[in-house]
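S.K.: I need the structure of the sequence given here:
(one chain, ligands or ions: 1)
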Amino acid sequence: MELPLILVNFKTYVEGTGKGALKLAKICEVVSKKFNVNIAIAPQFTDIRLISSKVKIPIFAQHIDYQEPGAFTGHISALAIKGSGAAGTLINHSERRLSLKEIKKCTEIAKKYDLISVVCSDSLMKGRNIARFDPDFIAYEDPLLIGTGEAISKVKPNSVRNFVKTISRINPEVKVLCGAGITSGEDVKRAIELGTKGVLVASSIVKATNPKKVLIEFAKAIQE
Ligand code: G3P
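M.R.: Below is the predicted model of the structure:
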């Protein structure tokens, strides 16, 4: 996966569901191409297959379960996610939390099915454990800042810097993203300056009146 990365989580926002999800995915693709910046998206499960047939940017699931294919009702398997066209998956998002044991199993199953794992962590303490599971990325997000417009890269720069340093000491292969409240190009720029390999964002893009304009601002900040 090319870096730095802007990963846009569509959550279950109406604007990022169904037709809205496809529209947003196309906007992300256009901006990604035009500015040569890596933008990936995480729509809901039900939108992955259609979107993956229409756009070429990487698609992530918002969650997976660790169960292997078989007699497990109501679970979402890594096999199904991969088959629907996803390149990777979020694991342990603050709005879809898992125990450490579950995070480990989900990270393993993602690896087995060749899915890029982005494991979210709300603290350095948890991040230390997660790094040992060898995910591709850890996304550091303060749940208290999610959706507030107060960017983690501005409000807690020392925590982000320290998170990056500590994780790279434990497992230098793991790349760190940060997220929560990222709203402006300046927030994105700060995140990169703090040593992250990109950002995980949602509301400032998905709920924007003009998502393309905001994405262009983010993309330009990364180019600088
Ligand atoms: O997954 C991204 C996220 O939780 C941050 O949300 O709305 O603060 O960008 P938001």
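
S.K.: which one is whichever residue of the chain sits closest to the ligand nearest to, not counting chain neighbours?
M.R.: Nearest to the ligand in the chain, going by C-beta to the nearest ligand atom, is S203, at a distance of 3.2 Å. From N, CA and C alone the C-beta is placed, and that goes for glycine too. Here the nearest residue to S203 in space, its sequence neighbours aside, is G147; by C-beta to C-beta, 6 or more residues apart in numbering that works out to 5.1 Å.

S.K.: run through who's touching the helix ranked longest in the chain.
M.R.: Ranked by residue count, the top helix of the chain under DSSP state H comes out as helix 19-35. With contacts defined as C-beta atoms under 8 Å, 6 or more residues apart in numbering, helix 19-35 is touched by 8, 10, 13-16, 37-41, 43-44, 47, 50-51, 54-57, 59, 205-206, 211-212, 215-216, 219-220, 222-223.

S.K.: what's downstream of that helix, the next helix or strand?
M.R.: Next in sequence after helix 19-35, counting helices and strands by DSSP states H and E, comes strand 38-42.

S.K.: counting by contacts, list what that next one packs against.
M.R.: Helices and strands touching strand 38-42, by 3 or more C-beta pairs under 8 Å, 6 or more residues apart in numbering; DSSP states H and E, are strand 5-9, helix 19-35, strand 60-61.

S.K.: right, is that strand up against the ligand?
M.R.: No. Contact of strand 38-42 with the ligand (C-beta under 6 Å from any ligand atom) is absent, the minimum separation being 7.4 Å.

S.K.: tell me the angle of that strand relative to helix 19-35?
M.R.: 170 degrees (axes from the mean of the first three to the mean of the last three C-alpha atoms, to 10 degrees).

S.K.: any idea which helix or strand comes after strand 38-42?
M.R.: helix 45-54.

S.K.: report the angle between that following helix and strand 38-42.
M.R.: Interaxial angle, helix 45-54 versus strand 38-42 (the same axes, to 10 degrees): 140 degrees.

S.K.: quick one: the helices in the protein?
M.R.: Using DSSP H, helices in the chain cover 19-35, 45-54, 78-83, 100-112, 124-131, 152-155, 157-170, 185-193, 203-206, 211-223.

S.K.: distance to A139, mean neighbour count and mean pLDDT added to those helices, as a markdown table?
M.R.: Below are the helices of the chain laid out as a markdown table (distance: least, C-beta to C-beta, whole Å; neighbours: other C-beta atoms under 10 Å; pLDDT from 0 to 100):
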| stretch | distance to A139 | mean neighbour count | mean pLDDT |
| --- | --- | --- | --- |
| helix 19-35 | 17 | 18 | 98 |
| helix 45-54 | 19 | 17 | 98 |
| helix 78-83 | 18 | 19 | 97 |
| helix 100-112 | 12 | 18 | 98 |
| helix 124-131 | 10 | 18 | 98 |
| helix 152-155 | 10 | 22 | 97 |
| helix 157-170 | 10 | 17 | 98 |
| helix 185-193 | 11 | 20 | 98 |
| helix 203-206 | 15 | 22 | 98 |
| helix 211-223 | 16 | 19 | 96 |
